[in-house]
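1. Here you go, sequence then predicted model.
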Amino acid sequence: MDYDNTALIIFLERYAFTIINFLLVLSLILVVLLAIRLVIFYLEKNRIESDITKDSVKKIINEKDYKINICDKSGEMLTEEDSEEVLQEYILDSIYTLNKKSSRKIEKELMGYQKSLDSKKDKLTGLFGRDKLKVEFKDTGSFIYFNLNGLRNINKEEGYKEGDNQIITFTEVVQSILPKDAKMYRINGDEFSVDLPKFNKIESEKLILLLIEKLTSNKNFKIDVAVGITFKEELEDKSIDCVIMKAEENMHKNKLTAKTSIRSQLIYTLLDVLGEKSFETEEHAIRLKDYALAIGKKMNLTRNLLNELILLSYLHDIGKVSIPDSILTKPTKLKDEEWKIMKTHTKMGSDLIKKIPDLESISHGILYHHENWDGTGYPEGLSGEDIPMVARIIRIVDSYDAMTSSRTYNIVKGKKEAVEEIKKCSGTLYDPEIVEIFIEVSKNYEAEDYREEKGKIIKFG
């Protein structure tokens, strides 16, 4: 027993100082942690108080339809001013407590939601879907929507493995040209989107041109891509739902420029009917498209307007399907009554196109493509910039092609002669600024070199 006591005394003498130091350090750590906690508490309280100011609390107090009496410890009622001050502090402290509990709960729920989103990556492409887009969406810059036309046909005819290969190829090409701050999403089977929060209109247009170039030069990629761009700053409502809806709308318009589109088949059916009735041919439309796009690009028109020019090149005279053959193919000059009937084709065409979904945007171009710059055209006698831009461009290129092509009612002019005729009518029949661009284009551009064979897919301009 004496031996045990001696051993304990020796142990305490040897390690007492170390134990005391350990306890002191532990106490110091606890004090520091407590101090940090108090600082966090103070900072959080100040943050909340800055959001919920005393003025706002005071407003709440003043708007109540009852009076609160507050007494001190002795039971004596405080003055109205002191009561108000105490009540303000009480409300702020209560809000802080509730806010702290709510914040923890919300934070926990958000973490769980984020984990669930991260687990929803598309296995084929490694892309996130619409839910993730809604979380990461920015209301600045541009937004692009894609549709892979004909993917279902690939799946049906060549199998789902080849369809998957097409999707993978498309995804890899798009991601290879995207800037670091852009993100790509797979919305559903054949639809994708890209959010470009720091890209303006011109940068987005250039990106699409680069994408089209990359896809068309890729031998492994077999299907068409419809593209819709939205520039967020042009929208009043910049919410994600509105941005997606506008991009989808633009995408469906662009989808019509691919021959695999169902509605494009309707357009080509109408063109076949028109071709049987008159001199209008697909070759004529392609020539118009080539010149119209060359002018549109020189003018830095948006992709949506360029796609309208493509559609107008094919459909500007679609109303002639309702004009009698005897008038359309008459080899001599039309009589006044016949001319009145002929001039109805712009209104007829506009009304017809309005009935086809996604084509309403070009109905005005069809209606006004025979208006003159000086107001002497038809059907409404519009003048100057009241005439839609796309209609003014089609007016020039259509006149040029009519002069240089063989038709039943005119003598074919040489290209130089036709250009001189366009110059002569600048400022009367035609927009003088567009005429200058047309002259520049005609000097360096031969439509024959850019014509596409009949039956080839009509690509974006």
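-> Yep, that arrived. Owing to the predicted nature of the structure, the values given are computational and were not obtained by experimental measurement.

2. For the stretch 51-200 of the chain, just list every one of the helices.
-> Per DSSP state H, counting those that start in this stretch, the stretch 51-200 of the chain has helices spanning 54-63, 80-118, 130-136, 151-158, 160-177. These are given in chain order.

3. In the stretch 101-250 of the chain, where is pLDDT below threshold?
-> When residues are selected by pLDDT under 70, those of the stretch 101-250 of the chain lie in 101-119.

4. try 80 this time
-> 101-120, 150, 201-202, 205, 209, 212-213, 216-217, 224 (pLDDT under 80).

5. List the residues that contact Tyr378.
-> Residues counted as contacts of Tyr378 (Cβ atoms under 8 Å, 6 or more residues apart in numbering) are Lys343, Thr346, His370, Glu371. Every C-beta, even on glycine, is put in place using the N, C-alpha and C of the backbone.

6. what's the most distant pair in the residues you listed?
-> Lys343 and Glu371 (11.5 Å; Cβ to Cβ).

7. Quick check: Ile323 touching Ile341?
-> Yes - the pair Ile323 / Ile341 is scored as a contact, 6.5 Å apart, by Cβ atoms under 8 Å.

8. who has more neighbours, the two?
-> A side-by-side neighbour count of Ile323 and Ile341, using other Cβ atoms under 10 Å, places Ile323 first with 21 against 16.

9. What residue, apart from its backbone neighbours, is nearest the more buried one spatially?
-> The spatial neighbour of Ile323 that comes closest, neighbours along the chain excluded (Cβ to Cβ, 6 or more residues apart in numbering), is His345 at 5.5 Å.

10. Tell me, what's the model's pLDDT at the one you found?
-> With respect to pLDDT, His345 scores 93.

11. Let me see the contact set for it.
-> Taking Cβ under 8 Å, 6+ apart as the definition of contact, the neighbours of His345 are Asp317, Gly319, Lys320, Ser322, Ile323.

12. in the helix or strand in which Phe438 is found, what's buried?
-> When secondary structure is defined using DSSP states H and E, the element that contains Phe438 is helix 432-444. Going by neighbour count (16 or more other Cβ atoms under 10 Å), the buried part of helix 432-444 is Ile434, Val435, Ile437, Phe438, Val441, Ser442.

13. same check, this time on stretch 348-358
-> In stretch 348-358, counting by 16+ other Cβ under 10 Å, buried: Met348, Gly349, Ser350, Leu352, Ile353, Ile356, Asp358.

14. And these, which is closest to Gly228?
-> Distance to Gly228 across the buried residues of stretch 348-358 (Cβ to Cβ) is lowest for Asp358, with 10.9 Å.

15. And the closest residue to Glu360 other than its chain neighbours, how far from Ser363?
-> Among residues not flanking Glu360 along the chain, Lys354 sits closest, at 5.6 Å (Cβ to Cβ, 6+ apart). Shown here: Lys354 relative to Ser363, a distance of 5 Å by Cβ to Cβ, to the nearest Å.
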